[in-house]
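**Student:** sequence and predicted model, in that order:
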Amino acid sequence: MRQNKSFIPTLKENPNDAAVPSHILMLRAGLIRTLGAGIYSFLPLGYRVIKKVSQIIREEMDAIGGQEFHLPALNPIEIWQETNRVEAFGDNLFHIKNRDYVLAPTHEEIMTFHARRALQSYKDLPQTWYQIQTKFRNEPRPRSGVLRGRQFLMKDSYSFDSSNENLDASYKLHDGAYRRIFKRCGLEYFVVGASSGAMGGSGSEEFMVQSDAGEDTVAHCKSCGYSANVEVAESVPAVIKFNTEERAVYEISTPNVKSIDELRGFLNIDESRCAKSRIYICNEKPVLVLMSGNEEVNETKLEKALGSAIRPAHPDELKAISGADAGSIGPVGYTGTIIADSRLFGGKNLFSGANKNDFHIGGIDLARDVPRITYYDLRAVKSGEGCIRCGSELGVFTAIELGHIFKLGTKYSAAMGALFKDEAGRELPLVMGSYGIGVERVIACFIEQQHHDENGIKWNKALAPFHIHLLCLNMKKNHLKEISEKLYARLLEKFEVLFDDRPDATAGFKFKDADLIGLPIQVVIGEKKLVENKVEIKVRETGERFDVSLDDLVEKISQLLF
RNA sequence: CGGGGCGUAGCGCAGUCCGGUUAGCGUGCCUGCCUUGGGAGCAGGAGGCCGCAGGUUCGAAUCCUGCCGCCCCGACCA
């Protein structure tokens, strides 16, 4: 494509309302423009990237037997009422004002609608149906550019099977396809097993990539692949070496010492010798939660350990419960339920609150002084701790969900009466799976994930809108122009080429634009090298540059790209 | 929906506290000359309902009230 008359509106400066790198660069490189909060237009260059990602997805979906559909975004609301999802989605579902339609946020209902008419016999199964279409969700707060929009492209597929065993097979096929898709896109992804939550069903996995713009915090082990949301992640923390000297409990006056930090400083001891108390209310009864040092309670784990919902006790409840205010509460002499983080098991010579304001107690031997404690894993995993599977170092970081695969079971087919007859003539609901990939997220995450620098994007061959950026440094010099035109024609036979043939742009301008747009290979045609019958190649990824003779050019680029 | 920030030329911003020339700067755009290996130079020029509506005032980008939009944090989230 010739750049001179192409609409590639690059920006020299960072746009005012973009904060994350992918958003900034997608705007600056002329891939997208904003239409409203969470609504983006893809310009020609950006749309080419969309098509690259879509094609990879399409090929892998077709390879597992998927059949591509094109479904309406405009849906009669009645269909959504059949599964009660108008209520379930609530304000997140867009409603049309002058007719009883909704804008589809996903397509389980619509696919099931078609399945219930068409799939009547086990002989029709399995089926895998997919589409790559725009979804609409009324996000309360769109953010981070295309990472969370009110309108976005999603590949969604749905499998229909005759049994749970066959669903397992369809699910497994998707799992494989997803791994190939993300690998081909060049993404460093990992898989988190998740509870399927509101979607219902028996199993699900999330395909995630690390990103500072991420919305979930996860723990991940690079060596064995263990991954979990930090709310449920487990780890092997460093073992606390307790002071084992035998001594009786003793009271210390600690005026105005409230936090563990203050206590540690006041007594000049290590944090690991302190035990922090927090009081939660569970089923209207107080529970004292004991943590080592200054560690925070992981409330998700606490709820799981206690078996029901909890809330932190209000400050004005504390004194009635424990006899002291926050900062002076402790296990010794406490009469209610006590649970402790398992890291405290065997703790001796600990310091904790005395349940009396401005006093703490030392010399606590948990086994001796507070024997009724039950121990659970209650802490949030931290970076650097050991993996519970393989012992290697865990990383804890934020991540973005790119894809999600679910075993839905019969939730939608049963609700909508999508039934088939099995070998024995019994009428049973179709057993379904649902599988999604956020297309824009693939693109934004790719850029976020180290595929950019201060000058712009660094595309790989798979996603790049073009393979080669051919820069003619001076279109006003006839011999330069002629050779550039010839090279353009020659390269087009084998590659996708963006030809910077702008007559007025200066060399420096073209270089800056090329780095910003970030095509993998830049071919620079300038007088300097041309006198030796050579052109310069720049590899965007590495910044490496070298001269190549005109005769070797195609060969050299082929080596670099394939 | 709560908290914070912002809205002035295509883009990035100053001016707003403390009302008072023709609303400015950088960049981009147009014309001409010149220039072409890292966002060149000179000269000339065009481009603004200062987010919208109402109010105060002799006079409002500036003060007051209401609304709208955008960004960030939180809540929420397949």
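**Tutor:** Here it is on my side, so go on.

**Student:** where's the most centrally placed residue in chain A relative to residue A:211, distance?
**Tutor:** Centroid check for chain A by CA atoms, centre = their mean gives residue A:400 as the closest residue, at 1.3 Å. Distance of residue A:400 to residue A:211, given as CB to CB, to the nearest Å: 5 Å. No exception for glycine: its C-beta is placed from N, CA and C like everyone else's.

**Student:** shared neighbours of the two, which are they?
**Tutor:** residue A:445 (CB atoms under 8 Å, 6 or more residues apart in numbering).

**Student:** now the residue in the stretch 201-350 of chain A that RNA strand B sits nearest to: closest residue in space, sequence neighbours ignored.
**Tutor:** Nearest residue of the stretch 201-350 of chain A to RNA strand B (CB to the nearest atom of the strand) works out as residue A:215 at 4.9 Å. Excluding its sequence neighbours, the residue lying closest to residue A:215 (CB to CB, 6 or more residues apart in numbering) is residue A:400, at 6.7 Å.

**Student:** follow-up on the earlier one: what sits against the residue of the stretch 201-350 of chain A closest to RNA strand B?
**Tutor:** A:148, A:398, A:400-401 are the contacts of residue A:215 under CB under 8 Å, 6+ apart.

**Student:** get me the contact residues on the stretch 401-550 of chain A for RNA strand B.
**Tutor:** A:401, A:404, A:436, A:438, A:455, A:473-474, A:476, A:503-509, A:511-516, A:524-530, A:535-536, A:538, A:545 (CB under 7 Å from any atom of the strand).

**Student:** of the residues you listed, keep whichever come out buried.
**Tutor:** Buried by 16 or more other CB atoms under 10 Å: A:401, A:404, A:436, A:438, A:473-474, A:505, A:511-516, A:524-526, A:529-530, A:535-536, A:538, out of these.

**Student:** quick one: low-confidence parts of the stretch 151-300 of chain A?
**Tutor:** Within the stretch 151-300 of chain A, the segments meeting pLDDT under 70 span A:194-202.

**Student:** what are the ranges of the helices in it?
**Tutor:** Applying DSSP state H, counting those that start in this stretch to the stretch 151-300 of chain A gives helices spanning A:164-184, A:260-267, A:299-306.

**Student:** run through who's touching the longest one.
**Tutor:** Which is helix A:164-184. Residues contacting helix A:164-184 (CB under 8 Å, 6+ apart): A:56-57, A:60-61, A:63-65, A:125-126, A:128, A:157, A:159, A:161, A:189, A:202-203, A:205, A:207, A:209, A:402-403, A:405, A:407, A:409, A:431-433, A:435, A:437, A:442, A:462.

**Student:** list the buried residues for it?
**Tutor:** Buried, per 16+ other CB under 10 Å, within helix A:164-184: A:166-168, A:170-171, A:173-175, A:177-178, A:181-182, A:184.

**Student:** restrict those residues to those near RNA strand B?
**Tutor:** Among the buried residues of helix A:164-184, RNA strand B is touched by none when using CB under 7 Å from any atom of the strand.

**Student:** quick check: the two most widely separated of the residues you listed?
**Tutor:** Within the buried residues of helix A:164-184, two members stand farthest from each other by CB to CB: A:166 and A:184, at 27.1 Å.

**Student:** could I get the full set of strands for the stretch 351-500 of chain A?
**Tutor:** A:359-364, A:374-376, A:386-387, A:394-409, A:419-421, A:427-429, A:431-438, A:452-453, A:456-457, A:468-472, A:497-500 (DSSP state E, counting those that start in this stretch).

**Student:** dump the ones you listed to CSV, plus mean pLDDT.
**Tutor:** Formatted as CSV, the strands of the stretch 351-500 of chain A follow (pLDDT from 0 to 100):
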stretch, mean pLDDT
strand A:359-364, 93
strand A:374-376, 92
strand A:386-387, 91
strand A:394-409, 93
strand A:419-421, 97
strand A:427-429, 97
strand A:431-438, 96
strand A:452-453, 96
strand A:456-457, 96
strand A:468-472, 98
strand A:497-500, 98
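
**Student:** need the ones you listed in a markdown table with distance to residue A:306, can you?
**Tutor:** A markdown table is the format used below for those (distance: least, CB to CB, whole Å):
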| stretch | distance to residue A:306 |
| --- | --- |
| strand A:359-364 | 23 |
| strand A:374-376 | 9 |
| strand A:386-387 | 26 |
| strand A:394-409 | 24 |
| strand A:419-421 | 42 |
| strand A:427-429 | 36 |
| strand A:431-438 | 33 |
| strand A:452-453 | 45 |
| strand A:456-457 | 49 |
| strand A:468-472 | 60 |
| strand A:497-500 | 60 |
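
**Student:** what's the distance between stretch A:479-492 and the middle of its chain?
**Tutor:** Relative to the centre of its chain, stretch A:479-492 is centred 43 Å away, using CA atoms, centre = their mean, to the nearest Å.

**Student:** what's the answer for stretch A:52-62, then?
**Tutor:** 20 Å.

**Student:** name the residues that touch that stretch?
**Tutor:** A:68, A:128, A:130, A:132, A:153, A:155, A:157, A:177-178, A:180-181, A:184-185, A:437, A:439, A:442-443, A:462-465.

**Student:** surely residue A:327 is in a strand?
**Tutor:** No: judged by DSSP: H, G, I helix; E, B strand; the rest coil, residue A:327 forms no part of a strand; its state is coil.

**Student:** quick one: contacts for the closest residue to it other than its chain neighbours?
**Tutor:** Residue nearest to residue A:327 in three dimensions, not counting chain neighbours: residue A:258, with 3.2 Å by CB to CB, 6+ apart. By CB under 8 Å, 6+ apart, residue A:258 lies in contact with A:326-328.

**Student:** neighbour count added to these, as TSV?
**Tutor:** Listed next are these as TSV, based on neighbours: other CB atoms under 10 Å:
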residue	neighbour count
A:326	18
A:327	20
A:328	25
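
**Student:** contacts only, for residue A:358.
**Tutor:** A:253-257, A:328.

**Student:** if we use 7 Å, what do you get?
**Tutor:** A:253-256, A:328 (CB atoms under 7 Å, 6 or more residues apart in numbering).

**Student:** just the buried ones from the residues you listed?
**Tutor:** If we count by 16+ other CB under 10 Å, the contacts of residue A:358 have these buried: A:254, A:328.

**Student:** turn the contacts of residue A:358 into TSV, including distance to residue A:50.
**Tutor:** Shown next, in TSV, are the contacts of residue A:358 (distance: CB to CB, whole Å):
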residue	distance to residue A:50
A:253	68
A:254	62
A:255	65
A:256	61
A:328	60
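
**Student:** partner residues bridging the residue of the stretch 251-400 of chain A found nearest RNA strand B?
**Tutor:** Nearest residue of the stretch 251-400 of chain A to RNA strand B: residue A:400, at 8.6 Å (CB to the nearest atom of the strand). Bridge pairing for residue A:400 (DSSP bridges) gives the partners residue A:209.

**Student:** need the helices of the stretch 151-300 of chain A in JSON lines with distance to residue A:370, can you?
**Tutor:** Shown next, in JSON lines, are those (distance: least, CB to CB, whole Å):
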{"stretch": "helix A:164-184", "distance to residue A:370": "47"}
{"stretch": "helix A:260-267", "distance to residue A:370": "18"}
{"stretch": "helix A:299-306", "distance to residue A:370": "17"}
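
**Student:** next one: residue A:70 from residue A:104, what distance?
**Tutor:** The value you get for residue A:70 to residue A:104, if CB to CB is used, is 12 Å.
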